[in-house]
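>>> Prediction below, plus the sequence it came from.
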Amino acid sequence: MVRFRRKHEWRSDCVQWVRGGCAAVAAVGLFAGAARADIDPLSGVDFVTITHAGNAPWMGDGTPDDFARGRGSVGYEYRIGRLEVTSQQWTEFFNAALDRPANDRIPHVIAPTFWGGIETTPMNGGRRWRVTPDTALLPTGNITWRTAAIYTNWLCNGKALNREAFLSGAYEVSSFGANGNIFTDQLARTPGAPYFLPTWDEWLKATHFDPNRFGEGQPGWWTGPQGGNFIPAGGPPGTGNANWRDFPGWQNVPLGAYTRSSPWGLKDTSGATAEWTESYVEDRITGVRDRLHDGSYWGSNSSGVGDLIYYPGGDYPAIPFYQYGFRLAASVPSPSMCIPVMAAVLWLARSRKCPFRRIAAKGSSVVNPH
């Protein structure tokens, strides 16, 4: 069994950090200001718009092995879910991807066991689930990075049911594989993708950056995820401030049940699941890569340290452990408005047989954590 890599086990002298992501679609007619929430009609996600493009990065506070130092600056506006992707939203996806004839199942999609989906009678020869009002907002674990990437592809293609709608969009599924123990998956999203996994910088900004940290209009950073320099207390709602401890009923706490949030209004960046990001870390000696995730996770008495800004986690993109989930990110303007443009971009790219570029080929900076 592949062992979960603890955050403190990465040696800073043999790890290089690679910034996942690429320039987003330029926003037109947007204004700066506080976070703005909006229910996206296609995905059903309550998005928060993260403003203050070009914010200063986190510059550290002297903590040793601070992997986030110099990170978190994002030069454009973007949107990110107020909640992690819910069981109700995942149910629609898994029914579309897995309730299909055996010869038409979507590759790399693994059904979860830690979630609110209830298995029911399939309609097309595969597997099918439903949710109830009590389970619709439950977190969803066992999500691999690849499953999350395919979920974003499906949204990029307007939730179409044809096979191709799952296999390209933000990430080209044909690239998913390995050369020995080094994954070959497309490293950064396709330019112009309306839905995607957030980069680690995008995730850090939405979780720890505060436009009013030192007073109105005076931005800055918190080391914790709920507008403070502390690890939120784990425990059930009413007792704790986050779902990250092993307490009775931790599997049944819905997303958004705790009152505290990030400065932008994001819920459960502490607790529920550890959230995948697009970014990755690469060992300078072996070349082995891991996709980054961040935040503490449910059912664990030791994961709270993951809530501090300094220490992300990472793992292989095909690992479906119970603690892994994700929070959807999207472009500005509204991602559903971008889907026709995205379809045209993909058609043009294929007609010219242009390969998807790796992040290294784009000249992205290789960031040393020190």
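Received, thanks. Residues are numbered from 1 along each chain as shown.
>>> Direction included, what does the lengthiest strand in the chain pair up with?
Using DSSP state E to define each element, the chain has its longest strand at strand 274-283. Counting by DSSP bridges, the strands paired with strand 274-283 are strand 15-18 (antiparallel), strand 289-294 (antiparallel), strand 324-325 (parallel).
>>> May I have that strand as PDB, with CA atoms only?
C-alpha atoms of strand 274-283 as PDB (Å, rounded to 0.1, in the frame of the first residue of the first chain):
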ATOM      1  CA  ALA A 274      -8.000  17.600   2.400                       C
ATOM      2  CA  GLU A 275      -8.400  19.400  -0.900                       C
ATOM      3  CA  TRP A 276      -6.500  18.600  -4.000                       C
ATOM      4  CA  THR A 277      -5.000  21.400  -6.000                       C
ATOM      5  CA  GLU A 278      -3.600  21.500  -9.500                       C
ATOM      6  CA  SER A 279      -0.100  22.200  -8.400                       C
ATOM      7  CA  TYR A 280       2.600  19.600  -7.700                       C
ATOM      8  CA  VAL A 281       5.900  19.000  -6.000                       C
ATOM      9  CA  GLU A 282       8.900  17.300  -7.600                       C
ATOM     10  CA  ASP A 283      11.800  15.600  -6.000                       C
END
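>>> Just the mean pLDDT for it, thanks.
For strand 274-283, the mean pLDDT works out to 97.
>>> Can you give the distance of it from its chain's centre?
9 Å (CA atoms, centre = their mean, to the nearest Å).
>>> how about that strand: buried residues?
Residues of strand 274-283 classed as buried: A274, E275, W276, T277, E278, S279, Y280, V281, E282 (neighbour count, 16 or more other CB atoms under 10 Å). C-beta: built from backbone N, CA, C; applies to glycine.
>>> in terms of contact, does the first one touch Q323 like I think?
Same thing as A274. Yes. Contact criterion CB atoms under 8 Å: A274 and Q323 qualify, at 5.0 Å.
>>> list the residues that contact both of these two?
Here A274 and Q323 share the contacting residues Y297, S303, scored by CB atoms under 8 Å, 6 or more residues apart in numbering.
>>> can you tell me the distance between the two ends of stretch 232-249?
This stretch, stretch 232-249, spans 18 Å end to end (CA to CA, to the nearest Å).
>>> ok, now stretch 139-152?
This stretch, stretch 139-152, spans 17 Å end to end (CA to CA).
>>> avg pLDDT for it?
Mean pLDDT, computed over stretch 139-152, is 98.
>>> From the chain's centroid, how far away is it?
9 Å.
>>> try stretch 149-169
Offset of stretch 149-169 from its chain centre (CA atoms, centre = their mean): 17 Å.
>>> cool, and stretch 270-289?
Stretch 270-289 sits 11 Å away from the centroid of its parent chain (CA atoms, centre = their mean).
>>> next one: stretch 114-126
Here stretch 114-126 shows a centroid-to-chain-centroid distance of 24 Å under the convention CA atoms, centre = their mean.
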